[in-house]
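# I'll drop the sequence and a predicted model, then ask my questions.
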Amino acid sequence: MYVVTAAEMAEIDRMASRDYFVPSIVLMENAGLRVTESIRRYFGGRVAGKRVLIFAGKGNNGGDGLVVARHLHNEGAEVKVFLLARPEDLRGDPRTNLEIYQKMGGKIFPILEQSHLQRADISLLYADLVVDAIFGTGFKGAALGLTGEVIKLINNAGKPIVAVDLPSGLDADTGQVHGPCIKATWTVTFALPKRGLVLEPGATLAGELEVVDIGIPRRLIESRNLRLRLLTPAWCREQLKPRDPSSHKGNFGHVLVVGGSQGMVGAVALAALGALRAGAGLVTAAVPRSLQDVLAAKTTEVMTRGLPEMPGGVLSREALPYILELLEKCTVLAIGPGLSRDKTTVSLVLELLPQVRCPVVIDADALNALAEDRKYLREAEKEAVLTPHPGEMARLIETTTAQVQADRLGVATRAAQDWRVTVVLKGARTIIASPSGEAFINPTGNPGMATAGSGDVLTGVVAGLIAQGLPVPVAAALGAYIHGAAGDYAARTQGQQGLVAGDLLNYLPRVFRKLEARTEKTCLGKGLPL
Ligand SMILES: NC(=O)C1=CN([C@@H]2O[C@H](COP(=O)(O)OP(=O)(O)OC[C@H]3O[C@@H](n4cnc5c(N)ncnc54)[C@H](O)[C@@H]3O)[C@@H](O)[C@H]2O)[C@@H](O)CC1
Ligand SMILES: Nc1ncnc2c1ncn2[C@@H]1O[C@H](COP(=O)(O)OP(=O)(O)O)[C@@H](O)[C@H]1O
Ligand SMILES: [K+]
């Protein structure tokens, strides 16, 4: 499902009218009808007698709200429209809908000064539902003054809120807020999700996200060459091919995991088992020799190799020829989990990577090694996936974690194109950016996954999917979705607090089964319908 900026959406709206002759008031009517349908479902099919407050701004978002007011009023709901503008300030489609609504006897209450807030506050006490139609994609900056007061009043009323297109006060392009913002119970957004609805904190402020069709021609949307998509179960299902009955494990690839150091064996075990749980045919884990037995004891199905090490149990430069020899039999390399940032290991990584001929997943301390010398990133021809969390990303591009988090999409897409790699920028709403300029936003996952080792599992899952022949960017996106969905499944079953990385391994098979079950249900923002 494509995700758009406010400008892209406005251009699509404009072209719908200009090039496809769809009158804008028809789009507005469809938008208002879809919101009305959603509200009717919310009330179990009947709106008669329900007390609904509609807060309308002066633009087209407010226009949508007036369409909703008209239909609810017509169906016997008790509707009050609080208009944050003077009627004479409304123009065009919103003005038309205001006049129709008033002609039908609909009630309008202006909110133009502080004293008007009183009536709104009292009405909120008795309301069954609030409709937020103050701002949509035309919003800029921060809601100050009276508007900000109204948004806070609505949020503090403790009533269910449905946001029209976007929660008012949200930046449609970044998902950031710079002032008061509606915290919606659910959001009905038109045609395509806006970026701000699928990036935090916007994704949380939007509540449950419903994307509705308002009659924008599909051919118009497809002609726009949009580059950003929200991962959905439907897309994931398309990437997973059923297994040929005559398959053998060689068909599903061989992953080599290189990592580990004294005290950090578990990371390698999690990555190796993650690759197996993702369906790889064979997995070999290569660790400093003194750790090999421990690892073998922890991972029955994983083949293990001991490598030359330094005192203290970190890989030495002598490990290089052994790794290159192992790679001759492998489909994909995953390097980094538990490696340590020892300078010997750093130089091993920097010497090894340019010689790797197969796809490679670079995580954790291997990323930290690249932060010491970006030559490989800048120059080497490679098929690589980098899986940094925001801190590792900040080190790689020599900035701060806060700056990475302020523009996750921009940071990931620029890095992917500069380095010609796939970048998986982890965190809430992981971004997957490919060298081609395409990018995905992953809606699955939860804070329960902010626990040691969950990134190691992701490394393994991505490598396991590459081993089975998926294109590198597809394996990275699919892996992120499935990994997060396993986390969601685990959190639903046993809560977030007690979730540990090993739990993800147990839930991965159930996520694959759900996807294979082909139950056609697209669930936005909350991952798989588990
Ligand atoms: N054909 C179309 O263009 C359609 C547009 N639709 C609706 O139209 C919305 C976009 O409408 P508009 O572009 O008119 O703008 P909005 O209705 O989102 O915003 C209303 C007005 O608020 C003002 N404003 C912006 N930032 C402000 C701030 N910080 N403080 C105070 N005032 C501020 C602006 O002057 C803006 O015109 C969409 O979100 C959607 O709800 C839908 O009806 C679908 C059809
Ligand atoms: N708040 C969150 N919401 C969703 N996913 C999260 C959240 N916090 C962490 N995660 C996921 O958990 C994993 C954490 O990875 P990482 O930070 O590398 O952990 P580690 O390095 O301990 O393995 C990533 O896949 C990340 O997307
Ligand atoms: K709104």
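That came through fine. These figures come from a predicted structure and were not determined experimentally. Ligands and ions are numbered 1, 2, ... in the order given.
# just checking, Asn446 touches Asp488?
Yes - judged on C-beta atoms under 8 Å, Asn446 makes contact with Asp488 at a distance of 5.8 Å. No exception for glycine: its C-beta is placed from N, CA and C like everyone else's.
# look at those two and report which has more neighbours.
Ranked by neighbour count (other C-beta atoms under 10 Å), Asn446 and Asp488 place Asp488 first, with 22 against 17.
# any idea which element that one lies in?
helix 472-494 (DSSP states H and E).
# return the set of buried residues in that helix.
Using 16 or more other C-beta atoms under 10 Å as the test for burial, helix 472-494 gives 472-491.
# just the residues you listed that are near ligand 3?
Among the buried residues of helix 472-494, proximity to ligand 3 is found for none (C-beta under 5 Å from the ion).
# those residues: which ones sit near ligand 1?
Checked against ligand 1 using C-beta under 6 Å from any ligand atom, these give no members in range.
# returning to what we had before: where's the helix holding Asp488 relative to the chain centroid, distance-wise?
Distance of helix 472-494 from the chain centroid (C-alpha atoms, centre = their mean, to the nearest Å) equals 11 Å.
# just stretch 192-208 next, same as before
9 Å.
# now the helix holding Asp488: average pLDDT?
Computed over helix 472-494, the mean pLDDT rounds to 97.
# so what does that helix touch, helix or strand wise?
helix 233-239, strand 384-386, strand 422-425, strand 431-433, helix 454-467, helix 501-516 (3 or more C-beta pairs under 8 Å, 6 or more residues apart in numbering; DSSP states H and E).
# could you export it as PDB, CA atoms only?
Only the C-alpha atoms of helix 472-494 are listed here, as PDB (Å, rounded to 0.1, in the frame of the first residue of the first chain):
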ATOM      1  CA  VAL A 472      17.900  -8.600  -0.900                       C
ATOM      2  CA  PRO A 473      15.600  -5.600  -0.400                       C
ATOM      3  CA  VAL A 474      12.500  -7.900  -0.400                       C
ATOM      4  CA  ALA A 475      14.100 -10.200   2.200                       C
ATOM      5  CA  ALA A 476      14.900  -7.200   4.400                       C
ATOM      6  CA  ALA A 477      11.400  -5.800   4.200                       C
ATOM      7  CA  LEU A 478       9.700  -9.200   4.600                       C
ATOM      8  CA  GLY A 479      12.100 -10.100   7.400                       C
ATOM      9  CA  ALA A 480      11.300  -6.900   9.300                       C
ATOM     10  CA  TYR A 481       7.500  -7.500   9.000                       C
ATOM     11  CA  ILE A 482       7.700 -11.100  10.100                       C
ATOM     12  CA  HIS A 483      10.100 -10.400  12.900                       C
ATOM     13  CA  GLY A 484       7.800  -7.600  14.200                       C
ATOM     14  CA  ALA A 485       4.700  -9.700  13.700                       C
ATOM     15  CA  ALA A 486       6.300 -12.500  15.800                       C
ATOM     16  CA  GLY A 487       6.900  -9.800  18.500                       C
ATOM     17  CA  ASP A 488       3.300  -8.800  18.300                       C
ATOM     18  CA  TYR A 489       2.100 -12.400  18.600                       C
ATOM     19  CA  ALA A 490       4.300 -12.900  21.600                       C
ATOM     20  CA  ALA A 491       3.200  -9.700  23.200                       C
ATOM     21  CA  ARG A 492      -0.500 -10.600  22.700                       C
ATOM     22  CA  THR A 493       0.100 -14.000  24.200                       C
ATOM     23  CA  GLN A 494       2.400 -13.200  27.100                       C
END
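# angle of that helix against helix 454-467?
Relative orientation of helix 472-494 and helix 454-467, computed by axes from the mean of the first three to the mean of the last three C-alpha atoms, to 10 degrees: 130 degrees.
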